[in-house]
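Q: just to be clear, the model below is a prediction. Sequence and coordinates:
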Amino acid sequence: MKIADLITWFEAWANPTWCESWDNCGWQIEPGVLQEKARVLVCLTPTLAVMQEAIALNANLIFAHHPLIFNPLKSLRTSEAIAEMVRLSFTHNIGIYTAHTNFDQVQDGTADVLAQILELKEVTPILPTQPGLGYGRVGLLEPFLTLQELLAAIQIRLAPPNLIFSPSADLQQTISRVAVLGGSGASFISAVAKSGAQAYLTSDCKFHQFQESRDRSLILIDAGHYATERPACDRLVQKFQSLNLDWVQLSKKDEDFRQFFA
């Protein structure tokens with residue numbers, strides 16, 4: 001499959017026009033690879049480490065969740081990371097394509113994969129955007145779990161380096177309805193509270209957002225940005241493999257960008 005055909009297939013599933021106004025979905029750098037057979041390295045974040053990996057593996061497309069370019073660039077200068085990414089992209093003929101908030105909304109996107117990992121039933125979007133699509137997912141646990149069992153399941157299935165949750169007087173309380181949203185999802189706390197969820201799995205939550213959740217009787221669970229979105233990249237690789245591409249692989253150089261002192 002040519003890169004142009006792969007992108008056409010993907011955009012029929014997760015249209016880049018669905019992305020938010022502040023976002024930057026679609027081509028970040030296209031150095032003239034559209035008619036080449038797709039050799040794809042999938043990653044969460046396009047970094048210099050991932051670019052070097054793509055070069056070593058002879059990939060011609062980095063397919064990322066996070067945009068390389070968020071804001072309009074005022075300059076490109078030697079020693080700057082984005083400038084170096086651009087230079088290497090054109091030097092080695094490697095395109096960079098991003099699927100961000102459009103990928104968040106779709107079936108088998110970031111939130112949907114989290115819901116599947118927790119085996120939620122009767123799943124619906126936290127915030128619908130159009131029929132069948134939307135941000136986040138909320139659903140039922142079958143069978144119900146205690147809070148302690150839910151936290152243990154998240155730790156085992158997502159392997160976050162640090163799992164943070166709201167103060168709770170009873171880890172043995174029964175949890176039946178859970179909301180999930182990969183990446184930075186604290187702005188959805190109000191919508192989650194209205195959904196009837198007892199617990200909300202997301203990331204990048206601030207001190208007072210844990211307070212807000214407690215005041216709304218919602219257990220906020222922060223598993224970190226990387227742990228909540230990386231599984232969707234793995235799912236994307238599986239979907240690309242079903243298209244019989246020349247070559248596709250999940251990056252081994254993706255980074256969490258955070259370390260926790262033991």
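A: Yep, that arrived.
Q: C-alpha only now, for contacts and for neighbours.
A: Will do.
Q: assumed Arg157 was part of a helix.
A: Yes: Arg157: assigned to a helix according to DSSP: H, G, I helix; E, B strand; the rest coil.
Q: so for it, what's the pLDDT?
A: At Arg157, the pLDDT value in this model is 98.
Q: so it sits against Ile117, correct?
A: Yes: at 7.2 Å, Arg157 and Ile117 qualify as touching, with contact defined as C-alpha atoms under 8 Å.
Q: element containing Leu236?
A: helix 225-241 (DSSP states H and E).
Q: and the helix or strand that that helix is followed by, what does it pack onto?
A: Sequence order places strand 247-250 as the next helix or strand after helix 225-241, per DSSP H and E. Applying 3 or more C-alpha pairs under 8 Å, 6 or more residues apart in numbering; DSSP states H and E, one finds that strand 247-250 contacts strand 39-43, helix 225-241.
Q: who does strand 247-250 pair up with?
A: Sheet partners assigned to strand 247-250 using DSSP bridges are listed as strand 39-43 (parallel).
Q: tell me the angle the strand it pairs with makes with helix 225-241.
A: 160 degrees (axes from the mean of the first three to the mean of the last three C-alpha atoms, to 10 degrees).
Q: which element follows strand 39-43 toward the C-terminus?
A: Heading C-terminal from strand 39-43 (DSSP H and E), you reach helix 48-56.
Q: contacts for that next one?
A: 41, 43, 60-62, 81, 84-85, 88-89, 92, 94, 251-254 (C-alpha atoms under 8 Å, 6 or more residues apart in numbering).
Q: same check on stretch 184-194?
A: Under the contact criterion C-alpha under 8 Å, 6+ apart, stretch 184-194 has outside partners 126-127, 179, 200, 202-205, 209, 213, 216-218, 225.
Q: residues touching the closest residue to Asp104 other than its chain neighbours, list them.
A: Closest residue in space to Asp104, ignoring its immediate chain neighbours: Thr110 at 5.0 Å, by C-alpha to C-alpha, 6 or more residues apart in numbering. Residues near Thr110 by C-alpha under 8 Å, 6+ apart: Phe103, Asp104, Leu181, Gly182, Thr228, Glu229, Pro231, Ala232.
Q: switch those residues over to JSON lines; also include neighbour count.
A: As requested, the contacts of Thr110 are exported to JSON lines (neighbours: other C-alpha atoms under 10 Å):
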{"residue": "Phe103", "neighbour count": "28"}
{"residue": "Asp104", "neighbour count": "27"}
{"residue": "Leu181", "neighbour count": "28"}
{"residue": "Gly182", "neighbour count": "31"}
{"residue": "Thr228", "neighbour count": "26"}
{"residue": "Glu229", "neighbour count": "25"}
{"residue": "Pro231", "neighbour count": "20"}
{"residue": "Ala232", "neighbour count": "24"}
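Q: including pLDDT and distance to Asn24, could the residues you listed go into TSV?
A: Converted to TSV, those look like this (pLDDT from 0 to 100; distance: C-alpha to C-alpha, whole Å):
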residue	pLDDT	distance to Asn24
Phe103	98	12
Asp104	98	13
Leu181	98	19
Gly182	97	18
Thr228	98	21
Glu229	98	18
Pro231	98	21
Ala232	98	19
